[in-house]
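*Asks:* quick check, what structure comes out for this input:
(one chain, ligands or ions: 1)
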Amino acid sequence: MARLKIENSSRFGGRFGPLSANINFFLADRVYTGDGRCLPNTAVAVNAQTAQIEALLPAAQAPNARYQPGSLTPGFINAHGHLELSHLHGHFPQHTGLVPFLEAVTRSRGADQETIEKHMQAAAQTLQANGIVAMGDIANTTASIALKLSSTLKFHTFVEVFGMSEQGWPAGLERGLPVLDAFRQAGLAASLSPHAPYSVHPALMQHIGQTSAGLPISIHMQESPEETKFFASGEGAFPSFYRNLGIPVSTPAPGSSSLQTTLSALPAGQRLLLVHNTCATNADLELADHSGHDVFWCLCPGANRYIENRLPELALFRRYPDRVLIGTDSLASNGTLSVLNELQQLLQADPALTPELAIQWACGNAARFFGWSDLGTLEPGKRPGLLHIHPGSDHSPIGAGSSVQVII
Ligand SMILES: [Zn+2]
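*Replies:* Below is the predicted model:
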């Protein structure tokens with residue numbers, strides 16, 4: 001078999017000798033490596049059989065590379081979704097605010113197993129077609145186990161528990177533990193996770209932290225002004241939401257925000273993904289940064305617009321470039337499951353956000369959070385997937401109308 005002799009300079013991360021003939025070379029106008037860099041005139045060499053990245057090398061050294069205009073990126077990681085809610089696509093009106101949205105989901109999330117599974121399968125296909133190679137998925141039941149065992153997507157399942165009242169939270173824990181066991185017995189990565197500060201009692205939060213020691217957990221955080229109000233004064237829409245459900249409400253301790261309450265209930269050093277952060281302030285980000293926990297922030301602009309019709313203050317999150325991830329949330333609160341679509345919204349809303357940083361959020365940061373060392377960055381030896389992003393009508397790399405094509 002013919003061998004192609006390629007000089008792999010250390011600048012391009014090469015650590016292999018001559019590349020063998022079953023290597024495909026891909027070239028575009030720029031390569032986003034997934035760790036915050038953007039390389040011009042660079043070809044990506046990929047092993048056609050193993051999908052392993054073999055080298056990044058100067059375009060001149062890969063004369064037979066397949067060129068397409070646009071950008072190359074690693075496969076995307078969707079850090080937050082709910083496959084179990086896929087059958088609720090388009091069921092709920094937009095811009096109602098969080099509490100009416102939760103009321104609607106609580107009323108009508110049920111469906112037969114066959115319907116739920118059919119829609120989860122279709123959602124998984126959508127994820128893959130949109131270049132997503134791995135996902136952090138929230139589960140309340142075991143419904144997604146069969147799909148996760150057969151899918152080529154990689155998953156971490158956050159088994160989500162609820163239990164707000166002093167008397168009721170042990171029952172919430174007892175509902176979650178068998179679901180967690182079922183995922184683990186199936187050989188799937190999973191951890192117990194709290195739903196949100198307004199739905200999980202601090203004592204339950206503590207138990208979750210102990211059960212999930214050393215594992216990543218996630219929590220919906222500061223998604224609505226009602227959450228801020230509930231923690232500040234015990235008032236707002238949440239008390240009546242719980243009364244209508246017949247759940248006794250334990251009023252949060254006065255003077256402690258939802259974020260403070262959560263951070264202080266968890267064991268020190270917890271790896272934690274705070275999801276949404278629509279109402280987070282600079283003081284909140286600093287509090288988390290100095291909390292002694294390993295905190296990451298997940299932005300889900302599509303769902304924020306769908307439910308609350310607002311976005312987090314994005315400039316705050318750019319100050320923590322290594323700590324931000326991207327999620328689509330579920331089809332109950334988003335039109336589609338596309339990380340590219342989420343990035344387009346962020347880049348449009350925040351002109352100071354660069355495509356290389358946005359791609360880092362969607363790739364390298366998420367791989368670090370989940371501990372997926374094979375994914376997230378285009379580095380020799382890894383198998384992160386490879387995407388081609390075709391520029392949109394405005395010619396910007398990830399502008400409106402840009403589209404994603406899965407190369408490997
Ligand atoms: Zn969610």
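*Asks:* residue boundaries of the strands in the stretch 201-350 of the chain?
*Replies:* 217-221, 271-276, 294-299, 324-326 (DSSP state E, counting those that start in this stretch).
*Asks:* in JSON lines, list those strands along with mean pLDDT, distance to residue 106 and mean neighbour count.
*Replies:* (C-beta placed from N, C-alpha, C; glycine too.) JSON lines is the format used below for these (pLDDT from 0 to 100; distance: least, CB to CB, whole Å; neighbours: other CB atoms under 10 Å):
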{"stretch": "strand 217-221", "mean pLDDT": "98", "distance to residue 106": "14", "mean neighbour count": "26"}
{"stretch": "strand 271-276", "mean pLDDT": "98", "distance to residue 106": "18", "mean neighbour count": "25"}
{"stretch": "strand 294-299", "mean pLDDT": "98", "distance to residue 106": "23", "mean neighbour count": "23"}
{"stretch": "strand 324-326", "mean pLDDT": "98", "distance to residue 106": "27", "mean neighbour count": "27"}
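*Asks:* want to throw those strands into CSV with distance to residue 210?
*Replies:* Listed next are the strands of the stretch 201-350 of the chain as CSV, based on distance: least, CB to CB, whole Å:
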stretch, distance to residue 210
strand 217-221, 11
strand 271-276, 14
strand 294-299, 16
strand 324-326, 24
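*Asks:* for residue 153, which of these is the nearest?
*Replies:* Residue 153 lies closest to strand 324-326 among these, at 15.8 Å (CB to CB).
*Asks:* now for that closest one, which elements pack on it?
*Replies:* strand 76-81, strand 294-299, helix 339-349, helix 355-362, helix 364-370 (3 or more CB pairs under 8 Å, 6 or more residues apart in numbering; DSSP states H and E).
*Asks:* if we can go back for a sec, to residue 24, which of the strands of the stretch 201-350 of the chain lies closest?
*Replies:* strand 324-326 (27.6 Å).
*Asks:* partner strands of the closest one and their direction?
*Replies:* strand 294-299 (parallel) (DSSP bridges).
*Asks:* in TSV, list the helices and strands packed on strand 324-326 along with distance to residue 391.
*Replies:* Output for the helices and strands packed on strand 324-326, formatted as TSV (distance: least, CB to CB, whole Å):
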stretch	distance to residue 391
strand 76-81	17
strand 294-299	23
helix 339-349	12
helix 355-362	11
helix 364-370	22
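*Asks:* most packed of the ones you listed?
*Replies:* Mean neighbours per residue, mean count of other CB atoms under 10 Å, is largest over the helices and strands packed on strand 324-326 for strand 76-81, with a mean of 29.
*Asks:* what are the phi and psi values for residue 55?
*Replies:* With angles defined as degrees, to the nearest 10, residue 55 sits at phi -170, psi 160.
*Asks:* that one: neighbouring residues, count only.
*Replies:* Other residues near residue 55 come to 27 when the count uses other CB atoms under 10 Å.
*Asks:* hang on, isn't it packed against residue 47?
*Replies:* No - judged on CB atoms under 8 Å, residue 55 makes no contact with residue 47 at a distance of 10.2 Å.
*Asks:* quick revisit: of the strands of the stretch 201-350 of the chain, which is nearest residue 211?
*Replies:* Using CB to CB, the strands of the stretch 201-350 of the chain put strand 217-221 closest to residue 211, at 9.3 Å.
*Asks:* that closest one vs strand 76-81, what angle?
*Replies:* 70 degrees (axes from the mean of the first three to the mean of the last three CA atoms, to 10 degrees).
*Asks:* from the contact counts, what lies against strand 217-221?
*Replies:* Checked by 3+ CB pairs under 8 Å, 6+ apart, strand 217-221 has strand 190-194, helix 258-265, strand 271-276 packed alongside it.
*Asks:* pull up the pairing partners for it, direction included.
*Replies:* strand 271-276 (parallel).
*Asks:* CA atoms of the strand it pairs with as PDB?
*Replies:* Backbone C-alpha positions of strand 271-276 (Å, rounded to 0.1, in the frame of the first residue of the first chain) are rendered in PDB as follows:
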ATOM      1  CA  ARG A 271     -19.100  19.400  39.100                       C
ATOM      2  CA  LEU A 272     -22.300  21.300  38.200                       C
ATOM      3  CA  LEU A 273     -24.000  22.500  35.000                       C
ATOM      4  CA  LEU A 274     -26.400  25.400  35.600                       C
ATOM      5  CA  VAL A 275     -28.900  25.500  32.800                       C
ATOM      6  CA  HIS A 276     -30.600  28.600  31.300                       C
END
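*Asks:* how far does it sit from its chain's centre?
*Replies:* 9 Å (CA atoms, centre = their mean, to the nearest Å).
*Asks:* one step back: out of the helices and strands packed on strand 217-221, which is closest to residue 30?
*Replies:* strand 271-276 (29.0 Å).
*Asks:* contact partners of the closest one?
*Replies:* 79-80, 136, 214-223, 259, 266, 280, 288, 293-300, 303-304, 312, 325, 327, 369 (CB atoms under 8 Å, 6 or more residues apart in numbering).
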